[in-house]
Each structure stands twice: as C-alpha cells, then as structure tokens.
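Colleague: Let's see this in three dimensions:
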Amino acid sequence: MIEEKIKQTVRDVNDFPKPGIIFKDITPILKDPKLCMQITEALAAQLSGVKIDVVAGIESRGFLFGPALAQLLNVPFVPIRKAGKLPYKTIQESYALEYGTATIEVHEDALLAGQRVLIHDDLLATGGTVVAASKLVMQLGAEVAAYSFIISLDFLNGRARLSPYAVKVCSLASY
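Modeller: Predicted structure coming up:
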C-alpha cells in the first residue's frame, strides 16, 4: 500500500524549522524512483474524473512532484513562488504559517480566466499556504478544481480551510 510505503520512507525531524515542530521530511522519497512514480500515479488516479487544465505547485516541495503530475495529466505546470522569486509581473498574497508569516506570488499571466487548477504541495498542515495559493488562482479568474498532497496532517484540520475553494482534496498518507 502506498500510504504505508510513504510513512516508512518519510523522516521526522524534530524542532525544525523551530522548536516544537516535527517536520515531515519527504526528501528520502526522492532516493526511490519507483516510489516517486507510484506517488505520481496514485495522485493522478485519485484525480480521475476531475477536469484539470493546469497544475499549480507551491514552492518549493510542490515543485518536486507537481511537474511530473502535470506531465502525467498532460497539462501545463505553473509555479507559485515565494515573494521576489519570479522575474515577471506578479500578484501576491500574504498568509500566516504555523510557524510565522510569508508571502507567495504567481505571474500575472500564469492562468487564464475559467481554467480549472489543481493546486499541489507536498504536505497539508494548517492550510494557510494553500488558502493563499487558492486566492491567487481566483484573483486571476481561474478556479480551484482540486488539491493534491503527498501527506496530510489531519490533526491540524487544514482540509476544513480548503472547503470554500474546492471539494476534492487528495492525499496519500495521513497523520
């Protein structure tokens, strides 16, 4: 089962990025090309029947599987980056993290009005980053079709924060 394999592979890092946080480190997954393919295929399978025009990945770990998922779905990939990292004109959204604050941005021409966007990241925690990404998608006139994550920290209730934007929330391993 994919969930079991992910949980066996992901590494817990205590007190990162600050004391009291147990960071779920997915980088050990990247050492296993077969598992990487299984993750991408499992996410795509969970999205079967959902019309997706674009995959938007959230910096930085959303860039690890987001492009591969976009390729598998045969749709474009759009990066949502930290403020100041994109070279062209952008729109921005600020938000609170579970351990601070941040701002993300996307190119102002990244999406077309009416496009259905899958927002992808490695992990769903409180949902703050993903809600900010959803707001960016909507500011460009597109709509959130679904969300995909490798890991969901269900005890933080991030899914509930996403329901105003899209009903479909996929994850492969829950804690």
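Colleague: Report the central residue of this protein.
Modeller: The residue lying closest to the centre of the chain (Cα atoms, centre = their mean) is Asp121, at 1.7 Å.
Colleague: so what does the strand or helix carrying it touch, helix or strand wise?
Modeller: Using DSSP states H and E, Asp121 sits in strand 116-124. Helices and strands touching strand 116-124, by 3 or more Cβ pairs under 8 Å, 6 or more residues apart in numbering; DSSP states H and E, are strand 54-58, helix 62-73, helix 128-139, strand 143-152, helix 158-162. For glycine as for every other residue, the C-beta is placed from the backbone atoms N, C-alpha and C.
Colleague: Among these, which comes closest to Leu47?
Modeller: strand 143-152 (6.0 Å; Cβ to Cβ).
Colleague: by contact count, what packs against that closest one?
Modeller: Here strand 143-152 touches helix 33-46, strand 116-124, helix 128-139, helix 158-162, strand 169-174, going by 3+ Cβ pairs under 8 Å, 6+ apart.
Colleague: Need the CA coordinates for the fourth one. CSV is fine.
Modeller: Extracted as CSV, the C-alpha positions of helix 158-162 are listed here (Å, rounded to 0.1, in the frame of the first residue of the first chain):
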residue,chain,number,x,y,z
GLY,A,158,-6.3,22.1,7.1
ARG,A,159,-8.9,20.3,4.9
ALA,A,160,-11.7,22.4,6.6
ARG,A,161,-10.0,25.6,5.5
LEU,A,162,-9.9,24.4,1.8
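Colleague: Note down every partner strand of the strand holding Asp121 and its orientation.
Modeller: Strand 116-124 has its sheet partners listed here by DSSP bridges as strand 54-58 (parallel), strand 143-152 (parallel).
Colleague: residue farthest from the centroid of the chain?
Modeller: For the chain, the residue at maximal distance from the C-alpha centroid (Cα atoms, centre = their mean) is Pro19, at 24.1 Å.
Colleague: Would you double-check that that one falls in a helix?
Modeller: No. Counting by DSSP: H, G, I helix; E, B strand; the rest coil, Pro19 is not part of a helix but coil.
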